[in-house]
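**Q** Build me a model from this:
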Amino acid sequence: MEDLKTIKSTAESLTDHVTDYIETYVKLAVVNATQKGTGIAAISLTGILLTAFLVFMLFFSGIGLSIWVGEAMNNMKAGFFIVSGFYMVLGLIIYAFRKKIVFPLVRNTIIRKVYEDH
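**A** Sure thing, here's the model as predicted:
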């Protein structure tokens, strides 16, 4: 009879330990997912802000460059068309190399952040 009580208490103790282990494992998984999600969100926000600043920088430098080229040629319209043509060529180059440069860069950054260990 005592053996049965001992086995029963051991089984209950083992069940309690397994339950605690599973709860701890789930909590650890939630913390890890939260940490990785937060890291990705931080990178995304930083990328969005840098992109916004880059757009404004290109916008104002494009206007300045267009005015400068237009004054040098004594034709403002030509200055703006030349600079817009330059931006169009630059955009076509980026579009042409998007699968070789842009996509891998973004993908590698996200993967590196997901598997980053502290």
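**Q** G79: neighbour count?
**A** G79 has 19 neighbouring residues, counting by other CB atoms under 10 Å. The way it works is simple: take the backbone N, C-alpha and C, and place the C-beta from them, glycine included.
**Q** Could you do N75 as well?
**A** Counted with other CB under 10 Å, N75 comes out at 13.
**Q** And for S66?
**A** The burial count for S66: 20, using other CB under 10 Å.
**Q** which residues touch it?
**A** 76, 79-80, 82-84 (CB atoms under 8 Å, 6 or more residues apart in numbering).
**Q** Can you tell me how far S61 is from I111?
**A** Between S61 and I111 the computed distance is 33 Å (CB to CB, to the nearest Å).
**Q** same question, K27
**A** Relative to I111, and taking CB to CB, K27 is found at 25 Å.
**Q** Next: I48.
**A** Distance from I48 to I111, by CB to CB: 19 Å.
**Q** likewise S9?
**A** In terms of CB to CB, S9 sits 49 Å off from I111.
**Q** Mind checking the pLDDT average for the helix ranked longest in the chain?
**A** Determined from DSSP state H, the single longest helix within the chain is helix 2-73. For helix 2-73, mean pLDDT rounds to 87.
**Q** next structured bit after it?
**A** helix 76-96 (DSSP states H and E).
**Q** relative to helix 2-73, how tilted is the following helix or strand past that next one?
**A** Sequence-wise, the next helix or strand downstream of helix 76-96 (DSSP H and E) is helix 103-114. Put simply, helix 103-114 runs at 140 degrees to helix 2-73, going by axes from the mean of the first three to the mean of the last three CA atoms, to 10 degrees.
**Q** Which strands and helices lie in contact with helix 103-114?
**A** On a contact count with 3 or more CB pairs under 8 Å, 6 or more residues apart in numbering; DSSP states H and E, helix 103-114 meets helix 2-73.
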